[in-house]
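[1] Pasting the sequence and the predicted model now:
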Protein chains: 4
Amino acid sequence: MPEETNQIEMPLGLAGLIVDLQPVFLDLVHESESFSSNCRFLIESLNLFQIPLFLTEQVPEKLGGTSSEFLSLAPMAPVFKKDTFSALGASGLRDALSDDGIEHLLLAGVETSVCVYLTALEALSADLEVTILTDCVTCRRPTDGEWVLRKLAAAGCHLLPVESIFYGILGGATHPHFRAFTKLVNNRTVS
Amino acid sequence: MPEETNQIEMPLGLAGLIVDLQPVFLDLVHESESFSSNCRFLIESLNLFQIPLFLTEQVPEKLGGTSSEFLSLAPMAPVFKKDTFSALGASGLRDALSDDGIEHLLLAGVETSVCVYLTALEALSADLEVTILTDCVTCRRPTDGEWVLRKLAAAGCHLLPVESIFYGILGGATHPHFRAFTKLVNNRTVS
Amino acid sequence: MPEETNQIEMPLGLAGLIVDLQPVFLDLVHESESFSSNCRFLIESLNLFQIPLFLTEQVPEKLGGTSSEFLSLAPMAPVFKKDTFSALGASGLRDALSDDGIEHLLLAGVETSVCVYLTALEALSADLEVTILTDCVTCRRPTDGEWVLRKLAAAGCHLLPVESIFYGILGGATHPHFRAFTKLVNNRTVS
Amino acid sequence: MPEETNQIEMPLGLAGLIVDLQPVFLDLVHESESFSSNCRFLIESLNLFQIPLFLTEQVPEKLGGTSSEFLSLAPMAPVFKKDTFSALGASGLRDALSDDGIEHLLLAGVETSVCVYLTALEALSADLEVTILTDCVTCRRPTDGEWVLRKLAAAGCHLLPVESIFYGILGGATHPHFRAFTKLVNNRTVS
């Protein structure tokens, strides 16, 4: 783990929110493997920059919990059960975001056209800034996802791929996390 | 049929409007089979939520009526004959919408570039809110449809896939229609 | 030729402007055959509705004139020679548009990324309304065309396929030109 | 070299800025060959119109310098070393742009989603006008690039292919550089 964290200018109030990484959904979505790889990269990057991560699960007692490949990367991330499609309907999540001073969500997960869509709308209504990570969301029908993302852009969300966010936080090659982040990027490219 | 309707928060003033599901057009359009499947799903979903549905037919005495696969799903839906391309030119339809207090149309049918386009423009002019269901419209030339949809988005229509609308109405898994809707979704995925 | 013209509500101040239908360009562009078919359909439709058509040619004394397949469909259309890329730089064209009271151009031709682009920008600057007919423009590199069309939409042009325009003018099946236009559409679909 | 420069109306304050044409990046990006061909065409066009060109290199002492195929076309272009992802973080570049009275950047290079993106944002913040040359930028994941370009368009950048820019500067066939530019275009088309 890096020791130089206190020297780093961290984006204030930023958090990752990944919704419903449950096998019951992952088995159905478009390009599931590359999506999962992108989400693992996202989690590792959040870890590196010590940006808080929040996970949600849709009715896990019936549908099963988050896939272990993600949980093992984020053992400390709080997991919020929900029965609403919007993640912000999960009991305790809005309070947790508020307690942590979160003002800007990096939003990822499944499905673009259902839970991601409704989470983004509710987050905008709650005056949160929302960035949809375009390569870390997916759904069963890719055309559906494209239209939903256009709608969310028009509604005021930022839409950017995950690397653009973290390279923007790094700013340059002298950032203390640059080497570690480059290693994550290279691993991602190989796989 | 569900009995718990009165417990459900229904969107006020919402109606489905599907234009010209006539074989003479369906035989010509792009991806006709998946389009028809999506429209059947739309009709079944409107039925489930008891959202009124209006159908139109273009000069049916010459071109033939609505395909029976759709009519059989919506035997009670009023069918309006028209000779204008905009569905709102059908005799009686605007009065019917007004009588039902309809303020927001879920618009579907064929062709995106002709009757859907002109219906959407006239509906906007009539101060109706318009959501084009992106997977429930089609036309002969898919590229034509893409440009028309971009134009309608710029003109003020919402563009969303049909599932996003109904999951938004459901809100979550505790909605009394959740199970029935999930069954519709699963049937759709299988076919 | 239809005799019922005086009964028809014609759009005021509308004209077609097709730039540079010269073999020297047509031989190079993307999907040249379907583009040419779409332009023939456009010319036949303008003829039917007696909407004036203006043609331009880029330095025809060196590059050759308009392809005869188009000229033969529009023998009365004035052809303006130009050495500017914007059609509005052609000597006499702006005066001709002004004399005819033209306020809205249906713009077509080649190349999207050069002469169509620069014509559209100059027409907007001259306070003309501009509709780019998306299936009646093309260029050598289709990706170039896509970005240029997005830019022109942002700049204030309408972007619509040719059929949407003429079905909008027709309005419905009782228009006296409906049968003749339907025949043009059907011929187009067959080829 | 043309001698008639003083007769030409040159766009004031325009410069090309191409970031990080280093083999270490070029080997990884999508459609690297056509991208490189487009950048060579860009450099030759900038030379023809005597528009200043600025190059940057990301940590060249570690990653290697600009590919010789580009340097040989622009032997006089200043090359700025940088360790920030935004080119405007390169020591001396902002002063150089300011000294030359540059107000509008033609931006190209790699990667769309990292250095091009962050350069464009910083340039907008610095009140520079920014045109992204859509065929002269690329990245490893083409879908990432598409979303970033949409974001940059929404942020206020112009997005246009390289030919549209230079044909716009030419204006017509009587421009003294028309023949020379046509030759560049034809060479490009052949390769």
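    Looks like it came in fine.

[2] ok, which stretches of chain A are helices?
    Here chain A has its helices, by DSSP state H, at A:23-26, A:32-48, A:60-63, A:68-71, A:93-99, A:117-125, A:142-155, A:162-170, A:178-190.

[3] Relative to chain D, which of these is closest?
    helix A:162-170 (4.6 Å; CB to the nearest CB). For every residue, glycine as well, the C-beta is placed using N, CA and C.

[4] Ranked by average pLDDT, which of the helices of chain A falls at the bottom?
    Of all the helices of chain A, mean pLDDT reaches its minimum on helix A:178-190 (a mean of 89).

[5] which strands and helices sit next to that helix?
    helix A:32-48, helix A:162-170 (3 or more CB pairs under 8 Å, 6 or more residues apart in numbering or on different chains; DSSP states H and E).

[6] The shortest one vs helix A:32-48, what angle?
    Just to be clear, that refers to helix A:162-170. For helix A:162-170 against helix A:32-48, the angle by axes from the mean of the first three to the mean of the last three CA atoms, to 10 degrees is 10 degrees.

[7] Show me what helix A:162-170 is packed against.
    Going by 3+ CB pairs under 8 Å, 6+ apart, helix A:162-170 lies up against helix A:32-48, strand A:129-138, helix A:178-190, helix D:117-125, helix D:142-155.

[8] Which residues of chain A lie near chain D?
    A:134-135, A:153, A:158-161, A:163-164, A:167-168, A:170-174, A:189 (CB under 8 Å from any CB of the partner chain).

[9] Pull out the buried members of the residues you listed.
    A:134-135, A:153, A:158-161, A:163-164, A:167-168, A:170-173 (16 or more other CB atoms under 10 Å in any protein chain shown).

[10] For the residues you listed, work out which two are farthest apart.
    Spatial extent of those (CB to CB) is set by the pair A:Ala153 and A:Ala173 at 30.8 Å.

[11] Pull out the buried residues from stretch A:40-58.
    Result for stretch A:40-58 [16+ other CB under 10 Å]: buried residues A:40-49, A:51-58.

[12] Between the two ends of it, what distance do you get?
    19 Å (CA to CA, to the nearest Å).

[13] what do you get for stretch A:63-71?
    16 Å.

[14] any residue of it up close to chain B?
    No. Applying CB under 8 Å from any CB, one finds stretch A:63-71 separated from chain B by no less than 9.3 Å.

[15] Residues touching that stretch, excluding its own?
    A:18, A:21-26, A:36, A:39-40, A:43, A:55, A:57, A:60, A:79 (CB atoms under 8 Å, 6 or more residues apart in numbering or on different chains).

[16] contacting residues around A:Leu73?
    A:40, A:43-44, A:47.

[17] burial count for the residue in chain A positioned nearest to chain C?
    Per CB to the nearest CB, the residue of chain A with the smallest distance to chain C is A:Arg150, at 12.5 Å. By the criterion of other CB atoms under 10 Å in any protein chain shown, A:Arg150 has 18 neighbours.

[18] Same check on A:Ser37?
    17.

[19] I'd say it and A:Asn187 touch.
    No. In this structure A:Ser37 lies outside contact range of A:Asn187 using CB atoms under 8 Å: 9.6 Å.

[20] Pull stretch A:19-29 out as PDB, backbone CA atoms only.
    Extracted C-alpha coordinates of stretch A:19-29, given in PDB (Å, rounded to 0.1, in the frame of the first residue of the first chain):
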ATOM      1  CA  VAL A  19     -24.800  -1.800  -8.500                       C
ATOM      2  CA  ASP A  20     -25.800  -5.400  -8.500                       C
ATOM      3  CA  LEU A  21     -22.700  -7.400  -9.600                       C
ATOM      4  CA  GLN A  22     -24.600 -10.600  -9.000                       C
ATOM      5  CA  PRO A  23     -24.100 -13.700 -11.100                       C
ATOM      6  CA  VAL A  24     -27.800 -13.900 -11.800                       C
ATOM      7  CA  PHE A  25     -27.500 -10.700 -13.800                       C
ATOM      8  CA  LEU A  26     -23.900 -11.100 -15.100                       C
ATOM      9  CA  ASP A  27     -24.900 -14.300 -16.800                       C
ATOM     10  CA  LEU A  28     -27.300 -12.500 -19.100                       C
ATOM     11  CA  VAL A  29     -25.600  -9.300 -20.100                       C
END
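
[21] Name the residues of it that come out as buried.
    A:19-22, A:24-26, A:29.

[22] Next: stretch A:97-106.
    Within stretch A:97-106, judged by 16+ other CB under 10 Å, the buried ones are A:97, A:102, A:104-106.

[23] Return the alpha-carbon coordinates of it using PDB.
    In PDB, the C-alpha atoms belonging to stretch A:97-106 read as follows (Å, rounded to 0.1, in the frame of the first residue of the first chain):
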ATOM      1  CA  LEU A  97     -22.900   8.800   1.300                       C
ATOM      2  CA  SER A  98     -23.900  11.900   3.200                       C
ATOM      3  CA  ASP A  99     -21.800  10.900   6.200                       C
ATOM      4  CA  ASP A 100     -18.800  10.500   4.000                       C
ATOM      5  CA  GLY A 101     -19.400  13.900   2.300                       C
ATOM      6  CA  ILE A 102     -19.900  12.300  -1.100                       C
ATOM      7  CA  GLU A 103     -20.900  14.800  -3.800                       C
ATOM      8  CA  HIS A 104     -19.900  12.900  -6.900                       C
ATOM      9  CA  LEU A 105     -20.700   9.300  -7.900                       C
ATOM     10  CA  LEU A 106     -18.700   7.200 -10.300                       C
END
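
[24] So what's the gap between that stretch and the chain middle?
    With CA atoms, centre = their mean, to the nearest Å as the basis, stretch A:97-106 stands 13 Å off its chain's centre.

[25] residues making contact with it?
    A:11-17, A:42, A:46, A:51-52, A:54, A:123, A:128-131, A:133, A:165.

[26] returning to what we had before: rebuild the helices and strands packed on helix A:178-190 as CSV, extending it with distance to D:Arg179.
    CSV is the format used below for the helices and strands packed on helix A:178-190 (distance: least, CB to CB, whole Å):
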stretch, distance to D:Arg179
helix A:32-48, 48
helix A:162-170, 42
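
[27] so what's A:Val185 up against?
    Per CB under 8 Å, 6+ apart, neighbours of A:Val185: A:41, A:163.

[28] what about A:Val162, distance to A:Arg179?
    19 Å (CB to CB, to the nearest Å).

[29] Same question for A:Gln22.
    Distance from A:Gln22 to A:Arg179, by CB to CB: 34 Å.

[30] Ok, A:Leu159 next?
    A:Leu159 is 29 Å from A:Arg179, by CB to CB.

[31] where does A:Pro75 land on pLDDT?
    96.

[32] how many neighbours does it have?
    For A:Pro75, using other CB under 10 Å, the count is 6.

[33] need the contact list for it.
    With CB under 8 Å, 6+ apart, A:Pro75 has no contacts at all.

[34] cool, A:Ala123 as well?
    A:Ala123 touches A:88, A:105, A:107, A:130, counting by CB under 8 Å, 6+ apart.

[35] do you know how far it is from A:Pro161?
    Counting by CB to CB, the gap from A:Ala123 to A:Pro161 is 19 Å.

[36] what does A:Leu133 give?
    Counting by CB to CB, the gap from A:Leu133 to A:Pro161 is 7 Å.

[37] residue contacts, A:Val59?
    So A:Val59 contacts A:81-83, B:173 (CB under 8 Å, 6+ apart).

[38] meant to ask about A:Thr143
    B:134-135, B:161.

[39] which residues are contacting stretch A:157-167?
    Looking at what lies outside stretch A:157-167 - CB under 8 Å, 6+ apart - the contacts are A:38, A:41-42, A:45, A:49, A:106-108, A:120, A:124, A:129-136, A:149, A:152-153, A:181, A:185, D:85, D:113-114, D:117-118, D:141, D:143-144, D:147-148, D:150-151.
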